[in-house]
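1. Okay, predicted coordinates and the sequence, questions at the end:
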Amino acid sequence: MMKSYKSQFALIHFFLICFCGTGFCGKIIYPWNAATAIVKAGESVTVWFDADDGHFLWSQASANKKADATMFYIAIFDEVDEATAIFKCSNNPPASDGSKFLTLDGLASDFYLRLVGQAGKLLRDEIPLDTTVPTITAKKIPDDIRAQQISDMEFGMFICWSLSTFSGHEWTRGVTDVSYFKATGCDTDQWCKTAKEAGMNYILFLTKHHDGFCLWNTDTTDFKVTNSPLGIDVLAKLRKSCDKYGMKLALYFSEGDWSWIEQELPKDGLVPGSKEWRNPIWRSSNRPDLKKKQLKELCTNYGPIEFFWMDHAQGTGGLDHKATVDWVHKFQPDTFVGFNSGEPAGRLCIRERGRPGKVGDYNKHSEGSYTGYLTAEFTYPILPNHVGGADWFYSLPKHDALCHPAEKLYADYLGAKKYGNIFSLDVGPNYEGKLRDIDIKTLQKVGQYIRGEIPLTPTIPTREYK
């Protein structure tokens, strides 16, 4: 992960001067270490270009062989600033195995640089350079300090957006075609901007529900959003928006996965209330290898994760809860992990459809017997009780006017502050990947209450929490 962009853009300036100003066209020796990568056609690799301050300029690269067998192109994409640089290797013959050293011989004819979006604006000094980039702490923060950091997040937005957005059911079984995810857009900036206006400090994002459809570009399955008509890595896009609006990122993950079940699934168990809906086979997925691979991807490809909200409703997926916590901490030791049911583990107490309360006192049956909890999270949908459609996901157009009042949400925010809890309010984007108008209006009002911009009304039950 890049620590600073100052060296990055200094080097870009260096090359622009070389290319446009001096006409230099010899082999670049400094500040690049041009022979640090050998690339094969069609292969994705990590390329390290060392700067004099110990940082590196670009990290991800892919090589593609073009029509001319002696030409290899290295397309390098910066994840944060949408900069694109294309390096065309010199015409030296490739090695017998098809690999070729990445060099920059003949700069005037073989070097191309294109800057777009934020990177171009930065280069032209049109916007200030933000040198802060999220990094993962290698050394574990002491538990008491880290628990306070989690509690200080206070209020966040839980985004549930997947197959169930389009099915009208909370759980969507029997779908194997990625085109079922018919989203026509994905406005992660709107999600984060609204969260910011609401006084929220983090986004809790559903990466995968029980159906196994992945909202990130995983290598573990083809049943993923990048293969859907939308065709984008939603989690990667959300990470950018979180960084843009100063939101921290947490992830929901279903432990059980119906797509991992090898036995034949009952046909009359697909619709809620059907005969085999509660057949134990639905909780029988047993692929600890895939669970670990997916969690590793989430822990290593998307920056620091504040906490994992593990859904145990369909089993463990073959890896018990303690092992799951240990596996996450192998990559991100400061990430809190919590489970909504099953074997207690981790440092975060999860209260699905819960309310504020002191750890240990809220639910003595589930919280009293386990002493590892350091703080608690509670969540519920912004949608009040209704008939038909989903609760946690976008429901049906006929429910577009339904929403809990801002006063109730603000009261629970006060409760979270009193007990050191975090309150993850579930809000489901619609078919266009946007929040409903009523959600935005309500959340903006909550933010006004939090900032003291509007007077408290008598309907706010503040006495319980103050």
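-> That came in fine, so what should we check first? Numbering: from 1, shown residues only.
2. sec struct for Leu290, please.
-> At Leu290 the chain is in helix, as set by DSSP: H, G, I helix; E, B strand; the rest coil.
3. Let me know how buried the nearest residue to it once chain neighbours are set aside is, in neighbour terms.
-> Spatial nearest neighbour of Leu290, excluding adjacent residues (Cβ to Cβ, 6 or more residues apart in numbering): Thr220 at 5.4 Å. For the C-beta atoms, the positions are set from N, CA and C on the backbone; glycine is no exception. By the other Cβ atoms under 10 Å criterion, the neighbourhood of Thr220 contains 19 residues.
4. Phi and psi next, for Thr220.
-> phi -90, psi -10 (degrees, to the nearest 10).
5. surely it meets Leu295?
-> No: using Cβ atoms under 8 Å, Thr220 makes no contact with Leu295, being 10.3 Å away.
6. To what extent is Thr263 buried, counted in neighbours?
-> Residue 263: Gln, not Thr. 7.
7. residues contacting the closest residue to it other than its chain neighbours?
-> Nearest in space to Gln263, with sequence neighbours left out and distances taken as Cβ to Cβ, 6+ apart, is Ile281 at 6.1 Å. When contacts are counted by Cβ atoms under 8 Å, 6 or more residues apart in numbering, Ile281 touches 261, 263, 265-266, 269.
8. Ile281 and Ser254: what is the separation?
-> According to Cβ to Cβ, to the nearest Å, Ile281 stands 16 Å off from Ser254.
9. thinking again about what came up before, what about burial for the contacts of Ile281, which qualify?
-> Among the contacts of Ile281, those buried by neighbour count (16 or more other Cβ atoms under 10 Å) are 261, 265, 269.
10. quick one, domains of the chain?
-> 6-123, 143-464 (automatic domain parsing).
11. Model confidence score at Ser167, please.
-> pLDDT for Ser167: 88.
12. Which of the buried ones among the contacts of Ile281 fall in strands?
-> Applying DSSP state E to the buried ones among the contacts of Ile281, no entry is found in strands.
13. Adding pLDDT and distance to Cys186, write these out as CSV.
-> What follows is these, written out as CSV (pLDDT from 0 to 100; distance: Cβ to Cβ, whole Å):
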residue, pLDDT, distance to Cys186
Ile261, 92, 29
Leu265, 89, 30
Gly269, 85, 31
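14. Name the nearest of the residues you listed relative to Gln149.
-> Ile261 (38.1 Å; Cβ to Cβ).
15. give me every residue that touches that closest one.
-> 281-282, 284-285.
16. among those, which ones are buried?
-> Buried by 16+ other Cβ under 10 Å: 282, 284-285, out of those.
17. So, low pLDDT: which residues of the stretch 151-300 of the chain?
-> Within the stretch 151-300 of the chain, no range satisfies pLDDT under 70.
18. all helices of it, in order?
-> Along the stretch 151-300 of the chain, counting by DSSP state H, counting those that start in this stretch, helices occupy 164-167, 188-197, 234-245, 288-301.
19. what angle separates the last one from helix 234-245?
-> Read that as helix 288-301. Counting by axes from the mean of the first three to the mean of the last three Cα atoms, to 10 degrees, helix 288-301 points 30 degrees away from the direction of helix 234-245.
20. Buried ones in helix 288-301, by neighbour count?
-> In helix 288-301, counting by 16+ other Cβ under 10 Å, buried: 288, 290-292, 294-295, 297-299, 301.
21. Redo the residues you listed as TSV? Include distance to Gly428.
-> TSV is the format used below for the buried residues of helix 288-301 (distance: Cβ to Cβ, whole Å):
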residue	distance to Gly428
Pro288	30
Leu290	26
Lys291	25
Lys292	29
Gln294	22
Leu295	24
Glu297	24
Leu298	21
Cys299	25
Asn301	25
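22. Pick the one among those residues closest to Leu425.
-> Minimum distance to Leu425 across those is 22.2 Å, recorded for Leu298 (Cβ to Cβ).
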